[in-house]
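S.K.: Dropping the sequence and predicted coords here.
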Amino acid sequence: MQIIETDRLILRNFREGDAAALYAYLREPAANCFLSLKLVDMKDAEAEARNRSSDDEHVAVCLKKSDRLIGDVFAVAEDDTYSVGWNFNPVVHGKGYAFEAAKALFTYLFEDKGARRLYAYVEDHNIASQRLCERLGMRKEGTFVEFISFANDEAGNPIYENTMQYAVLRREWKPMMRSAD
């Protein structure tokens, strides 16, 4: 992936040296949808950073001044449609980094990769991600009731979560970006 710079961030491919920062937010994922990515120790983190360094689906989000990894955004291609998402270290929540990174990713996908449609899944209790989707101009397309389980209860039974789908089309994104300039 080409390097993308914003005012405060650099979006780039992962590097093996990102392991410690990756471990900082994946040792206890903040959102249940990332529980499958949970890292047990630094050895796991080193392997995950190595794996991510060889693909363009996971994009490292780093502070421009220090190149310190603070989270990631992802885009999984399905023809001209991309499933997108974000995962940030909780210590940087509330500073606008997720919006800045996701907006840059969306622009890249629409303008450079020719995406027609971007969509994101968000659990109904993840209010911060819902707000981010809306701020990015995504519309809520629906809610899947008891759609998926990421965890089990104390008795070992799956806990099913309600999941919302948000999306935005390129034809919706372009006018919105022009009016934002």
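M.R.: Yep, that arrived.

S.K.: switch to C-alpha atoms for all contacts and neighbour counts from now on
M.R.: Will do.

S.K.: Next, the contact list for Arg12, please.
M.R.: Contacts here follow Cα atoms under 8 Å, 6 or more residues apart in numbering; on that basis Arg12 touches Met1, Gln2, Ile3, Ile4, Val59, Ala60, Val61, Cys62.

S.K.: Counting neighbours, what do you get for the closest residue to Ala21 other than its chain neighbours?
M.R.: Nearest-residue entry for Ala21: Leu69, 5.8 Å, with adjacent residues in sequence omitted and distances by Cα to Cα, 6 or more residues apart in numbering. In terms of burial, Leu69 registers 26 neighbours under the definition other Cα atoms under 10 Å.

S.K.: Please save the CA atoms from the helix or strand hosting Ala49 in CSV.
M.R.: According to DSSP states H and E, Ala49 maps onto helix 42-52. Below are the C-alpha coordinates for helix 42-52, written out as CSV (Å, rounded to 0.1, in the frame of the first residue of the first chain):
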residue,chain,number,x,y,z
MET,A,42,4.9,-10.6,22.7
LYS,A,43,5.7,-13.7,20.7
ASP,A,44,2.1,-13.6,19.4
ALA,A,45,2.5,-9.9,18.7
GLU,A,46,5.7,-10.4,16.8
ALA,A,47,4.1,-13.0,14.6
GLU,A,48,1.0,-10.9,14.0
ALA,A,49,3.1,-7.8,13.1
ARG,A,50,5.1,-10.0,10.7
ASN,A,51,1.9,-11.4,9.1
ARG,A,52,0.3,-7.9,8.8
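
S.K.: List the buried residues of that helix.
M.R.: Using 16 or more other Cα atoms under 10 Å as the burial criterion, the residues of helix 42-52 that qualify are Asp44, Ala45, Glu46, Glu48, Ala49, Arg50, Arg52.

S.K.: so the residue of the chain positioned farthest from its centre, which of the three states?
M.R.: Relative to the centre of the chain, the most outlying C-alpha is that of Ala155, 31.1 Å out, by Cα atoms, centre = their mean. Taken by DSSP: H, G, I helix; E, B strand; the rest coil, the conformation at Ala155 corresponds to coil.

S.K.: ok, residues contacting the longest helix anywhere in the chain?
M.R.: What stands out as the longest helix in the chain, according to DSSP state H, is helix 97-111. Among residues not part of helix 97-111, those counted as contacts by Cα under 8 Å, 6+ apart are 4, 6, 9, 11, 61, 73, 85-86, 88, 115-116, 118, 132, 135-136, 170.

S.K.: Show me the residues you listed that map onto helices.
M.R.: Members of these lying in helices (criterion: DSSP H): Leu132, Arg135, Arg170.

S.K.: Just the buried residues of those residues.
M.R.: Of the members of the ones in helices among the contacts of helix 97-111, the ones counted as buried by neighbours, 16+ other Cα under 10 Å, are Leu132, Arg170.

S.K.: Give me the contacts around the host helix or strand of Ala20.
M.R.: Secondary structure assigned from DSSP H and E places Ala20 in helix 19-26. Contacts of helix 19-26 with the rest of the structure, by Cα under 8 Å, 6+ apart, involve 34, 37-39, 41-42, 45-46, 48-49, 68-71, 88-90.
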